[in-house]
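Trainee: starting from these lines, generate the structure:
(2 chains, ligands or ions: 2)
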Amino acid sequence: MTRDPDHLLPSDRPVTLMDHRGVAVEGAAHAMPAPEALLTAFAALVTGRRINDQAYALVRQGRLAVYPSSHGQEACQVAAAQVLADGDWLFPTYRDTVAAVARGVDPVEVLVLLKGDWHSGYDPSEHHVAPQATPLATQLLHAVGVAHAARLRGEPTVVMAMCGDGATSEGDFHEALNFAAVFRAPVVFFVQNNEYAISVPLARQSVAPSLAHKGIGYGVPGERVDGNDTAALLAVLGTAVDRARAGEGPQLVEAHTYRMQAHTNADDATRYRQDDEVAAWVERDPVTRLEAYLCEHDLLDDERLAAFAADAEEVAAAMRVGLSEDVTPDPADLFAHVYAVPTPQLVEQAALVADEVAREGGH
Amino acid sequence: MPQFEKLTMAQALNRALRDAMADDPSVVMFGEDVGPLGGVFRITDGLTAELGEDRCFDTPLAESGIVGMAVGMAMNGMRPVVEMQFDAFAYPAFEQIVSHVAKMRNRTRGRVTLPMVIRVPYAGGIGGVEHHCDSSESYYAHTPGLHVVAPSTAADAYTLLRAAIASPDPVVFLEPKKLYWSKEEVELDADRPGIGTAAVRREGTDATLIAYGPSVPVALEAAEVAAQEGRSLQVVDLRSIVPFDDATVCDAVRSTGRAVVVAEATGFASVSSEIVARVTERCFHSLAAPIRRVVGFDIPFPPPKLEHFQLPGVDRVLDAVDDLQWEDS
Ligand SMILES: Cc1ncc(C[n+]2csc(CCOP(=O)(O)OP(=O)(O)O)c2C)c(N)n1
Ligand SMILES: [Mg+2]
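Mentor: Numbering: from 1, shown residues only, chains lettered A, B, ... in the order given. Ligands and ions are numbered 1, 2, ... in the order given. Got it, this is the predicted structure:
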């Protein structure tokens, strides 16, 4: 059986609803999201930007070990969370702190990983946010599993599975698309194409017409969207989520965006890209773009702007407080969560450490 | 005339690659971010610029792809050196390594051999977050067909990497991350004893500390402290886990009659357990006490703030030495 492949192909150009000055595009492929949705997203954008910048500052102060910033990618972060319903699941990567926060997780809990206290600081079941994944693309298969289980259990859950452009080269990415397609699992694969995998530019990653085209080989419809256009992201991801929930199977969405900062603070981006390349993306900034649109349509005034900024500042202040606390994690935890019942050997080893700590305490 | 230079281990590795690639046009280096960036640890710094894109290049991001392609290139006359960005990120390549890299010679009765090197920055001690600190040597050492080496000095890093590249068999080359930046006077010499030989790093008469890779400096420091307390500890650096230098290790242990193995990896079913088993089998009648181990607990590698509990430290080594049933205590 062959199926008509046309409906699997992404549009020629990324879906855009407003240009970089915030002017609505004529004849766009999707309707403009409702003003309330745009305002909700804008508030989250402002907060997301503030979180990124605050986290970066906290690295410099030695409060965080490292931070992979989503500065410039906040529209993707916010939209990925906003299009989900309460029972849905989000599968974020190390770069998706802001998406997890937009879904309701406390930023201080998200950053526990990078502060170095524990591997994951939040309860994944509380907000249906999986632990942030570092081994690239591995989480995508977990996302398919969650979605498939939901279907078997008769739950209306949709799963948003996030990854980067580089991760689409890993085998797990391809296995996940194929599994999702074969099982018609309600998953939206959301690729933030920020042009780089650490130092490696997209051109070395793939010569496919676009990353969204990677869906066609698996029978997964692909779509491309301007990753700095919050409205377009809400529309495209929202449609994909609706379709998945309606039983139409998975979709692959590629957002075209840009990693404005180095891979992490530990990286030196000047070794592999030019400043003017970065500068060209400044004017495509997702926050100022949506702000311009909202102001132009009288949905935003100085007073509201100030209120959003104040809210964001409050989040940043809470981060500074929460991440300045020097909690000394308890070494007993190292042994407590390896198995449901610690092995006899672990019990012994935990006792050794407890004894060491007691002796040192006695000095 | 031997030439000495002050180099870090990272620089010594870089020099080894550079020299091997200059000597032999079939040596190629590839992996993730090893091109213009020079690798996240800068081990391949400058190679692409100096030797060209064909000699040192970035691949798409896929470890199974990197190792699998290296297998094919080695089958067709080249000597690939690949970099896995971090220990735990080599796991997607595990199938290629175990099912093909390790077995090709055996499957083909020696008709197809794979002269390739898999470089793996490995182990902890750098405050890395999860998946960046694994001591994965036991997986590789447990797989027949792979050579496994782990230098602890810049000089050995150079010699062992040159030897690994020249080896007719695949080598898993484990680079202790926490030692990358330690500087020492190095004589760059490709022809010293390399793979398959352990080195006695410090002479001593009371007990033998056996270590490799990141744990060697810990053992040396413990020996230094012990000396001040009147105990003379010998330190053996394995350098090569596979092949294992039974002769040097057992001679050392027989000479002191007591031994402690120091390793960062989790202890259960590990290289450290293998060392204890081998030495006990061979030296039982020379031993005054059971061999002790100071190794990682059997837990996933801890988050940065707790990692010091997992790493073998001088105090634990000295405690273990104290436990070796001394007549006077
Ligand atoms: C399996 C695996 N290999 C290598 C790495 C090391 N690494 C971390 S991030 C990264 C680049 C990922 O690029 P991309 O998928 O585009 O995501 P981005 O960082 O740009 O958000 C690499 C190579 C890893 N985390 N996992
Ligand atoms: Mg990327």
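
Trainee: going forward, measure contacts between C-alpha atoms and count neighbours the same way
Mentor: OK.

Trainee: other residues contacting stretch A:88-105?
Mentor: Under the criterion Cα atoms under 8 Å, 6 or more residues apart in numbering or on different chains, residues A:44, A:48, A:51-52, A:68-70, A:74, A:76-78, A:80-82, A:107, A:110-111, A:122, A:127-134, A:139-140, A:143, A:157-163 lie in contact with stretch A:88-105.

Trainee: tell me which of the residues you listed fall in helices.
Mentor: Using DSSP state H, the subset of these located in helices is A:44, A:48, A:51-52, A:74, A:76-78, A:80-82, A:107, A:110, A:127, A:139-140, A:143.

Trainee: list only buried entries from the residues you listed.
Mentor: A:44, A:48, A:51-52, A:74, A:76-78, A:80-82, A:107, A:110, A:127, A:139-140, A:143 (16 or more other Cα atoms under 10 Å in any protein chain shown).

Trainee: count the residues that sit near residue 50.
Mentor: In the absence of a named chain, chain A is used. Neighbourhood size, residue A:50 [other Cα atoms under 10 Å in any protein chain shown]: 21.

Trainee: please go with chain B instead
Mentor: The number of residues packed near residue B:50 is 11, by other Cα under 10 Å.

Trainee: can you give me the pLDDT of the residue of the stretch 151-300 of chain B found nearest ligand 2?
Mentor: Closest to ligand 2 within the stretch 151-300 of chain B is residue B:177: 24.8 Å, counting by Cα to the ion. Looking at residue B:177, its pLDDT is 98.

Trainee: can you count the residues close to it?
Mentor: Neighbour number of residue B:177 under other Cα under 10 Å is 23.

Trainee: mind splitting the chain into its structural domains?
Mentor: In the absence of a named chain, this looks at chain A. Listed by automatic domain parsing, the domain ranges of chain A are A:5-324, A:330-363.

Trainee: to clarify, I was referring to chain B.
Mentor: Following automatic domain parsing, one gets these domains for chain B: B:4-187, B:199-328.

Trainee: would you list these in TSV and tack on distance to residue A:349?
Mentor: Formatted as TSV, those follow (distance: least, Cα to Cα, whole Å):
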stretch	distance to residue A:349
domain B:4-187	19
domain B:199-328	7
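
Trainee: residue A:153 and residue A:146: what is the separation?
Mentor: Distance, residue A:153 to residue A:146, using Cα to Cα, to the nearest Å: 10 Å.

Trainee: who has more neighbours out of the two?
Mentor: Using other Cα under 10 Å, the more surrounded residue of residue A:153 and residue A:146 is residue A:146, with 20 against 10.

Trainee: can you classify the more buried one by secondary structure?
Mentor: Secondary structure, DSSP: H, G, I helix; E, B strand; the rest coil: residue A:146 is helix.

Trainee: how many neighbours does the closest residue to it other than its chain neighbours have?
Mentor: Sequence neighbours aside, residue A:159 is the residue nearest to residue A:146 in space, at 7.4 Å (criterion: Cα to Cα, 6 or more residues apart in numbering or on different chains). By the other Cα under 10 Å criterion, the neighbourhood of residue A:159 contains 32 residues.

Trainee: same question, the one 4 residues further on
Mentor: By the other Cα under 10 Å criterion, the neighbourhood of residue A:163 contains 26 residues.

Trainee: again, but for residue A:12
Mentor: Using other Cα under 10 Å: residue A:12 sits among 10 other residues.

Trainee: what values do phi and psi take at it?
Mentor: phi -60, psi -40 (degrees, to the nearest 10).

Trainee: identify the residue nearest the closest residue to ligand 2 within the stretch 1-150 of chain B in space, chain neighbours excluded?
Mentor: Closest approach between the stretch 1-150 of chain B and ligand 2, counting by Cα to the ion: residue B:61, at 10.5 Å. Spatial nearest neighbour of residue B:61, excluding adjacent residues (Cα to Cα, 6+ apart): residue A:169 at 5.3 Å.
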